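Chemist: Predicted model follows, preceded by the sequence.
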Amino acid sequence: MNFRSGLKYLLRPQNAVALVYVVMLFASWRRWTTLIVDSGREMDLPFRILNGEMLYRDVHYIYPPFSPYFNALLYRVFGVHLDTMVASGIVFSILVVFLCYKIFRKLMPPVETAIATSFVVVLCAFKPAGNLIFPYSFAALHAAVFGLATVLFTIRYAESRKRLDLIFAGVFIGLATIAKQEFAFAAAAAVTLYLIYLHRTKISALLADLAYAVIAINAWNRLAVAFRMQPPAGKSSLAA
């Protein structure tokens with residue numbers, strides 16, 4: 001591969017977005033958070049759960065339970081360390097960028113999609129005052145991913161009319177519900193309004209499609225309740 005062909009490869013829309021992300025990641029390396037501002041809760045909550053405390057009973061928390069228990073699981077698997085949280089933030093920020101790219105691509109040509117997604121990278125994922133690598137609330141980051149996934153699967157359903165896409169949209173609404181409710185409300189509104197627009201006066205078809213999404217939402221939430229979000233047994237001291 002010569003220089004010209006290599007440059008052409010890097011400047012492909014999706015590759016250009018990935019390059020912007022990598023550049024911003026290294027340019028901001030380990031400057032994603034101030035440990036004394038908005039970070040203690042996100043690090044401490046999963047650690048306390050890992051040591052046997054129960055959310056809401058022993059630990060005050062204003063959001064649904066998904067994120068603290070998910071992060072406690074990460075602590076258990078990868079160790080109690082700030083880098084565990086950072087790595088999770090990087091993965092979920094990449095998912096945000098990826099989902100934005102896929103949604104934008106449904107609406108715009110490749111070059112415009114790459115430009116719009118690059119702005120998401122610079123102004124959202126790596127915004128100095130509140131980035132996605134170590135957000136003030138992992139619940140918001142997780143719910144944003146679930147909400148964007150709902151939008152993507154709703155668009156896919158609009159294109160294909162495959163109800164499996166509608167079921168997946170319902171699953172992600174359910175996940176958003178147990179992460180941060182306002183994102184779930186927005187995602188559910190998007191699905192509902194689209195189905196109303198699609199079916200208009202066909203009430204029976206509208207109710208049938210809504211039922212697929214609602215069943216998926218309820219199935220996931222019932223599974224979460226049945227699981228009861230029990231704290232995983234784990235370590236008892238923070239890693240240096």
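Modeler: The structure has been received and is ready for your questions.

Chemist: Quick check: the gap between residue 97 and residue 200.
Modeler: 35 Å (C-beta to C-beta, to the nearest Å). (Glycine included, C-beta is placed from N, CA and C.)

Chemist: Could you check which of those two is surrounded by more residues?
Modeler: Comparing residue 97 with residue 200 by other C-beta atoms under 10 Å, the one with more neighbours is residue 97, at 22 against 10.

Chemist: CA atoms only: put stretch 133-142 into PDB for me.
Modeler: The C-alpha trace of stretch 133-142 is given here as PDB (Å, rounded to 0.1, in the frame of the first residue of the first chain):
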ATOM      1  CA  ILE A 133     -15.100   8.700  29.100                       C
ATOM      2  CA  PHE A 134     -15.700   9.400  32.800                       C
ATOM      3  CA  PRO A 135     -19.100  11.000  32.900                       C
ATOM      4  CA  TYR A 136     -20.700  12.600  36.000                       C
ATOM      5  CA  SER A 137     -23.200   9.700  35.800                       C
ATOM      6  CA  PHE A 138     -22.600   6.400  34.200                       C
ATOM      7  CA  ALA A 139     -26.400   5.900  34.300                       C
ATOM      8  CA  ALA A 140     -26.700   8.700  31.800                       C
ATOM      9  CA  LEU A 141     -24.000   7.200  29.500                       C
ATOM     10  CA  HIS A 142     -25.600   3.700  29.600                       C
END
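
Chemist: Enumerate the positions of it that are buried.
Modeler: Across stretch 133-142, burial judged by 16 or more other C-beta atoms under 10 Å covers 133-135, 137-142.

Chemist: again, but for stretch 26-45
Modeler: Those would be 32-33, 39, 42-43, 45, for stretch 26-45 by 16+ other C-beta under 10 Å.

Chemist: Just the ones in helices from those, please.
Modeler: Counting by DSSP state H, those place 42-43, 45 in helices.

Chemist: following the helix or strand of the chain at the bottom of the mean pLDDT ranking, which helix or strand shows up next?
Modeler: Across the helices and strands of the chain, mean pLDDT, DSSP states H and E gives its lowest value to helix 3-10, namely a mean of 54. Following helix 3-10 in sequence order, the next helix or strand is helix 13-27 (DSSP states H and E).

Chemist: now the residue nearest the centre of the chain: how far from residue 208?
Modeler: Centroid-nearest residue in the chain: residue 145, 2.1 Å away (criterion: C-alpha atoms, centre = their mean). Residue 145 is 28 Å from residue 208, where distance means C-beta to C-beta.

Chemist: how about the strands in this structure?
Modeler: Ranges of strands within the chain: none, based on DSSP state E.

Chemist: Where does pLDDT dip in it?
Modeler: 1-11, 35-38, 219-240 (pLDDT under 70).

Chemist: let's go with 50 and repeat that
Modeler: For the chain, applying pLDDT under 50 flags the ranges 7, 227-240.

Chemist: I figured residue 187 hits residue 172, correct?
Modeler: Yes - the pair residue 187 and residue 172 qualifies as a contact (C-beta atoms under 8 Å) at a distance of 6.9 Å.

Chemist: Now the common contact residues for these two.
Modeler: Both residue 187 and residue 172 are contacted by 146-147, 150, under the criterion C-beta atoms under 8 Å, 6 or more residues apart in numbering.
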